[in-house]
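> Whatever this is, show me its structure:
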Amino acid sequence: MIILFLGIVYIMSLRYGFGSVSFILVGISSVTMIYWGFVIKKMTKSDKPKYTARDTESKNWVYDVIKGENEIIFVAEVPGPDDKIMVRLIEGVLYIRGSGNFSKEVPIEGASGLQISDFKYRNGVLTLRIGKSTET
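As a prediction, this is how the structure comes out:
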């Protein structure tokens, strides 16, 4: 289509005898048509969404919740050294933060009114024991 348009512009410029002006017009029209060809191609191209490593990690993050009679045990992989790990249990939702902008919120059924009684972090694995507080 671009070549057809350029041919028509060239023939018309020769027919009316513009001389060197026809050469300039053909050059300008060819550059314009090539540009618009790329723009149209870019508009019709459908890109697949690109996922970052962080998105992939968050979708593949796996944790275990083990419910016992008196306590709940939570186990998950969390990145970072142990001094960067922060865990809070507020109204049945477990908030976990690690290094590298790692942050998760995990709702835990039956955990309202309970507290974290034991916290262990070894080799990237976080283990929490959630139970009734021992305070009276």
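> what sits against Arg88?
94-95 (C-beta atoms under 8 Å, 6 or more residues apart in numbering). For glycine as for every other residue, the C-beta is placed from the backbone atoms N, C-alpha and C.
> again, but for Gly98
For Gly98, the contact set (C-beta under 8 Å, 6+ apart) comprises 78-80, 84-85.
> Mind checking what helix or strand follows the helix or strand bottoming out on mean pLDDT in the chain in sequence?
Ranking every helix and strand in the chain by mean pLDDT, DSSP states H and E puts helix 53-60 at the bottom, with a mean of 56. Going down the chain from helix 53-60, the next helix or strand is strand 63-67, by DSSP states H and E.
> Pull up the pairing partners for the helix or strand following that next one, direction included.
Stepping forward along the backbone from strand 63-67, the first helix or strand reached (DSSP H and E) is strand 71-77. Using DSSP bridges, the strands paired with strand 71-77 are strand 63-67 (antiparallel), strand 125-131 (antiparallel).
> mind checking which of the ones you listed is nearest Thr32?
strand 63-67 (57.4 Å; C-beta to C-beta).
> List the buried residues for stretch 105-117?
With burial defined by 16 or more other C-beta atoms under 10 Å, the residues of stretch 105-117 counted as buried are 106, 108, 111, 114, 116.
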